[in-house]
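K.L.:
Predicted model, plus sequence, below.
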Amino acid sequence: MAEKDRSSAQVRLFEQRSRAKWALASHGPDSLPFAVQMLLSPDQEEREDGQMIVGLIGGDDDAIEKMVGLLQSTADPQIRHLLIAMLGERHNGRAIPYLTALLMDPRAGQETKQAATNALRILTPSGEPDRDAASDVRVEMGDWIAEHRGLHTISDDDREHATQGYGSAAV
């Protein structure tokens, strides 16, 4: 009898957790702060729940903006690196300017810059087999960098230097 009660309680707990995950995810990007905390949990099941919620939220423009907002509002390196990786994994080009800005930020540490580089590598084509798409991304990145440095135009040489390695086979 006790075994049956325990099994029934486990089923109820699983059902409650499932409903809670769906309820949280139903709030879309607004649920990201909670999902991020779940991803950092020492409990494996809670981390898995957080992954599921982030997956359900997806990578639309609102989600990207919310992730960037969280990234800009936290100083915790573990959360920042997690958010940077999530930006790359969403496969939404709207993250490129934010990640590029991290590379250009003199206050960003080497680990943060490496996380941003890794995320950009996920987001940008490797140059194989579509070198034209890679070139377009490099042009977009170079133009964004120029715009945010207060420059009106950027030479091809400057663009190449600013985006060195992106879209090439060496990446």
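P.N.:
Good, I have the coordinates. Residues are numbered from 1 along each chain as shown.
K.L.:
C-alpha only now, for contacts and for neighbours.
P.N.:
Will do.
K.L.:
Show the contacting residues for the spatially most central residue of the chain.
P.N.:
In the chain, the centroid-proximal residue (Cα atoms, centre = their mean) is L87; its distance is 1.6 Å. L87 sits next to 64, 67, 95, 119 when contact means Cα atoms under 8 Å, 6 or more residues apart in numbering.
K.L.:
so where's this protein shaky on pLDDT?
P.N.:
By pLDDT under 70, the low-scoring segments of the chain are 1, 125-171.
K.L.:
Could you pull out the helices in it for me?
P.N.:
For the chain, the helices defined by DSSP state H cover 2-25, 32-39, 44-57, 61-73, 77-89, 96-104, 110-123, 131-148, 156-162.
K.L.:
so what does the third one touch, helix or strand wise?
P.N.:
On a contact count with 3 or more Cα pairs under 8 Å, 6 or more residues apart in numbering; DSSP states H and E, helix 44-57 meets helix 2-25, helix 32-39.
K.L.:
neighbours around H81, how many?
P.N.:
Counted with other Cα atoms under 10 Å, the neighbours of H81 add up to 19.
K.L.:
Kindly provide the distance from it to G88.
P.N.:
11 Å (Cα to Cα, to the nearest Å).
K.L.:
Now for the residue lying closest to L24 once chain neighbours are set aside, how many residues are close by?
P.N.:
Nearest residue to L24, sequence neighbours excluded (Cα to Cα, 6 or more residues apart in numbering): S31, at 6.0 Å. S31 sits with 18 neighbouring residues when counted by other Cα under 10 Å.
K.L.:
Likewise for V68?
P.N.:
By other Cα under 10 Å, the residues close to V68 number 18.
K.L.:
For R17, see how far away the closest residue to it other than its chain neighbours is.
P.N.:
In this structure, V68 finds its nearest non-sequential neighbour in Y98, 7.3 Å apart by Cα to Cα, 6+ apart. From Y98 across to R17, the span is 34 Å (Cα to Cα).
K.L.:
Surely the residue nearest to L24 is in contact with K21?
P.N.:
No. Judged on Cα atoms under 8 Å, S31 makes no contact with K21 at a distance of 10.1 Å.
K.L.:
Show me whatever sits in contact with both of those two.
P.N.:
Shared contacts of S31 and K21, defined by Cα under 8 Å, 6+ apart, are absent.
K.L.:
so how far is P33 from the residue nearest to the centre of the chain?
P.N.:
Applying Cα to Cα, the value for L87 to P33 is 14 Å.
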